[in-house]
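Engineer: Here's a sequence, model it:
(2 chains)
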Amino acid sequence: MIARIVILLPLLAAVLGLAVRRNDIAARVVAIGSSAMLLVAGLVGMLAADPGVEVIPTVGSLSLPRIDLPLVLLSTQTLATVAAIVTLVACAVQVYAAWYLETDDRYPVFAATVSLFSAAMLLLVHSGDLALTVIGWEVMGWCSYLLIGHWSRTQSARRAAMKALLVTRVADIGFVLGIIGLAVGAQSTGLQSVLGAWTDQQVCIDARLADGASLAAATQACAAPSPAIRSLLIGLIVIGVMGKSALIPFQDWLPDAMAGPTPASALIHAATMVAAGTVVLAVLLPVLAEAEPARWLLGLSAAATMVFAALMAFAQSDLKRLLAWSTVSQVAVMLGALASVPATVGPGAGLFHLVSHAIFKALLFLVIGWLAVTAGGTAVEELRGSARASLLGQIALGVGLASLAGVPVLVGGVSKEQVLDADYAGAVAPGGPGLVVLIATLLSVVLTAAYATRALIIATTHVPGRAAHRPALTWSVAGVLTVLTVGALTGGLLSRSAAFALPSASWVWLIISALLLSVGVAIAWRAGTRGDPAQVLARRFIPYADAGLGVDRLYVSLVARPVLLAGRVARFLDTEVIDGYVRATAVTARFTGMAAARAHRGERPSTSVVLVVLGALALALWGVLSWS
Amino acid sequence: MTMTAELAAFGPAAVAGLGAVLVLLIDAIAPRGRGWQRWLGIAVLIGALVSVVWIPAAGWPTATLTQVLQSLAVVGAVVAVALMGREQYAAPGGPSVAVALVLATTAGAASVAASVDVVTLVVSLELATVPVVALVALRGTRGAGHAALSLLVTSLTSFALIVVGAALWVSATGTVALTAQAWQGIVGEDTRVALGVLAMLILLSGIGFKLSLMPFHAWTPQNYREADVGVVAVLVTTSKAAALAAVIAVLRPSMSSVLALPALTVGLAAVALTTMILGASVALRQDRALGLVAWSTIAQAGWVLLPLVALAEQGAQAAVAYLCVYAAATVALLAGVAERRGDGELSAYRGLIRRDPLTGGAMAFALLVLAGLPPGVVGLIAKIIALRPLTTTAHQALPIVAVLAVMAVALGIAVYLRWLVILVARPEDTPGSAAPRAWGPRIVLVAASVTLVVLSVAPQLLLGWVR
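Structural biologist: This next block holds a predicted model:
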């Protein structure tokens, strides 16, 4: 029941918000009021969730020949908790955006887009039907284009929006193909039918028989799984997820997406778009776990991404881009966990890291954005020492960064231990990329601690000769930051709820991660607390890191140029070769007409007679020649 | 075949011919009267139409075709009387001669449609053609004189050919009758069959000028341009009906034959395709309204001939159906041209559809029918009907014929859309001259357009008649 409200409420808010877009105040009331209601609904949904699976019908099922679309929603404790966190972030972003975009003339459209975006993400979370999943996925893709390109008057925002759209669309080719394949194989888009059809045959047949199908029909419907095809289809879906979650080789769109307003960054990079792939793969985990090649694809890409992105983050000269690369790295950590865990362990660790990341990353974006308003920019030079003047800023930033680094007890620390635990379970289980992911994750713990420390040092260092401006603090911002800070401090308790089915904290991993963490902090600390550790450790690397190692150019020369070239070749073939024939017929017709018209210009009776006689002779000759 | 039925088929010809004599007699007795000639002419033609309907059809399988062709000839004559301009009626001899000539040519055409032997055919064709030469020449302009001369020499040459063809036919079959029995008599004797085919080809080359087939067409553009619009209407309807009737009469003996006649088939197909493609190509270059109508007539003549390539009774029906649709559409165009007082540059029709929606709309619809484009559905149906008989012939040249016919359709669309675009274009700001309304052209325009619209809305009327 709550699931329907949670999806419809932001959808209505989006429609209503667009309806009142001429009135700034009404738009604010709609946006904040609806998101507050949404948060309440989300929390109620989380607390009231029963153990077990609740199937919620929507518009009734669609039965087409050879495939049926049940169009249902699913609600479990896990999904309700993820949804609640999404509503929390959405609410925080709406409240924050009302302040952040106070003077922006297109604020109402922005707020409506955020509402629509949240509705799409919540639909995806609660979807019990692959068709609804695709709808949520697509709507998010388009909304991210609108949000990143919100300041469409600047060239960089337009380019970033287009880049995000194009890169994720390319990957979506795989996603849509994979979804279609799974649905066709199961003869249904219903999530449970798909899982049944593509995992264990006996389970599937039993489920069909229980639905009242005949034995023959059930056997036929469940005959689909072929390991190769299953691996291919899940592999295609993984490619789509890699695009949306900015894993290598699709990673480069996300840092550029920082051209969007900070609230949009917080929404896209904390709880929604980049995390959507985690949700999809978590619900498809039973199938994913049996598709070995797809697991390797996801695991290797995630392992490479989490280390690479952490290195990039360390050497960014812009703190907002640092957070973006950190998102890339952390999402890879979640997906790595999903790639490595065996089906018996379940997706809890990955999902919990999603929740935890949503809380602390939203907090970090909003703090940095708030500080940047006073400092005048998000570059390291501008933000240096900016947090010193505000106690709330210091606490919020500190808690956020510590959580990001994985300090025990904080939400990020708890989730990271769970991820390591899950990775270890995958590493010791036969098959799968568990070991690679485990090593990469351990490495990323060190690097994450290092760049988190660096960010903290930059924001709190004393800058001689610069008067510390006290950032303007409104009640709304203070409230949002406080709530999120408290969330980051206490969110670890969620791991004890039944929602994620997590084992209790493992002391071994707690100690190991604490040790690695200290190594990372020490590395950054040793480089000096006065300046920028990156300037000391990796000065030459900074320009390259800022450019994302030039991957953008790689995209242009390897993908964009060849596609444009192919387009030009096709156009050339069309206009010069195919149209050539068409034009030739026109020229021939015109020429024939001209020549014949000229031949008739004289209009002498003798010409007529000669023509008649010649025609008669020709016909008679033909008659004589074909005599034999 | 009964003798009475055959004689009754000449009824309309007799009525029209007597009517012509009557007009001339009354004029000789009372030369003062004015204006009655038209009405008397129309009354005579209505009488002829009544006698067409009264032909007993029983026992005569081709009676329907004869009736349709005779009706077309008679209705065409009514249209001609209605469309002929003041200058034509004021020509030497006055309206009596003009009306009498129209009636005479109608008598000839009706007689051609009824003839089943070579001798009657030759005489009837002469009767159908010579009055038209006179009608063109009577206009009195220098250009009309030249045009009439051209038509006259062409027709004389052609009659010579027809006579040669008739002689060959008689020597091949031993009879003057153009019947299936005559053909049956020579089947099995290769030499006589070959001679019979040669006779048919030469007869066709003699009749070709009347249908404006290439290369017998050269007189056409000149006459369409120089003659009065009413006389052009005679050429488009009555004269064409006579020509098609003659072609069908010549080909009829071979239609019931089980013998494949590749020489005849290929010869007919070559003429039809050359005509439709070259005619359309030249029509593309025309800048004057009647020039375009003339070359469009030549192109459409190829389409009229095309179904006959199948050498089957169904082909004859299809050809007649196509001719009727073509004639209705062209008459609508001619009525529009007559309202604007004769020939003119195409550009003079710019924006006509906005200035005069009735005339412009009717002309636009007629052009769409000729191009075979919806909403002129009947034009499309006619083209389908014309192509359908070909599918029954198993000749290996059929694919080539189909490809060339498609080319001709494309060219045709270009031809008619050129004029259509001018009709619907935004008119230039020059104030249109308010031409005095003539009732004749207006009634013809409305009647022809109504026919086309009705046939487009209910094409089954046409499809039902053609099996």
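Engineer: okay, residue A:455: pLDDT?
Structural biologist: Predicted confidence (pLDDT) for residue A:455: 90.
Engineer: residues near it, how many?
Structural biologist: Close neighbours of residue A:455, defined as other CB atoms under 10 Å in any protein chain shown, add up to 31. C-beta here means a position set from N, CA and C on the backbone, and glycine is covered the same way.
Engineer: That one touches residue A:320, doesn't it?
Structural biologist: No: distance between residue A:455 and residue A:320: 10.6 Å, which falls outside the contact criterion (CB atoms under 8 Å).
Engineer: Not counting sequence-adjacent ones, nearest residue to residue A:479?
Structural biologist: residue A:95 (7.2 Å; CB to CB, 6 or more residues apart in numbering or on different chains).
Engineer: Make sure the one you found is indeed in a strand.
Structural biologist: No: checked against DSSP: H, G, I helix; E, B strand; the rest coil, residue A:95 lies outside a strand; its state is helix.
Engineer: burial of it, as a residue count?
Structural biologist: For residue A:95, using other CB under 10 Å, the count is 25.
Engineer: how much space between it and residue A:113?
Structural biologist: 16 Å (CB to CB, to the nearest Å).
Engineer: Show the subsequent helix or strand relative to the helix or strand of chain A with the lowest mean pLDDT.
Structural biologist: None of the helices or strands of chain A scores lower by mean pLDDT, DSSP states H and E than helix A:201-210, at a mean of 68. The helix or strand immediately downstream of helix A:201-210 is helix A:215-221, counting by DSSP states H and E.
Engineer: buried residues in the helix or strand that that following helix is followed by?
Structural biologist: The C-terminal neighbour of helix A:215-221 among helices and strands, as given by DSSP H and E, is helix A:227-244. Neighbour-count burial for helix A:227-244, counted by 16 or more other CB atoms under 10 Å in any protein chain shown, picks out A:230-244.
Engineer: between the residues you listed, which is nearest residue A:477?
Structural biologist: residue A:244 (29.5 Å; CB to CB).
Engineer: Residue A:43 versus that closest one, what's the distance?
Structural biologist: With CB to CB as the criterion, residue A:244 and residue A:43 are 27 Å apart.
Engineer: cool, residue B:94 as well?
Structural biologist: 106 Å.
Engineer: One more: residue A:568?
Structural biologist: According to CB to CB, residue A:568 stands 55 Å off from residue A:43.
Engineer: In terms of neighbours, single out the busier of the two.
Structural biologist: Legend: neighbour count by other CB under 10 Å for residue A:568 and residue A:43, higher for residue A:43 (18 against 10).
Engineer: tell me which element residue 401 is part of?
Structural biologist: As the question left the chain open, I've gone with chain A. Using DSSP H and E, residue A:401 maps to helix A:391-405.
Engineer: hm, I was asking about chain B
Structural biologist: Per DSSP H and E: helix B:398-424 holds residue B:401.
Engineer: which parts of that helix are buried?
Structural biologist: Neighbour counts over helix B:398-424 (16+ other CB under 10 Å) mark B:398, B:401, B:404-405, B:407-409, B:411-416, B:418-420, B:422-423 as buried.
Engineer: Out of those residues, which are close to chain A?
Structural biologist: The subset of the buried residues of helix B:398-424 within reach of chain A, counting by CB under 8 Å from any CB of the partner chain, consists of B:407, B:411, B:414.
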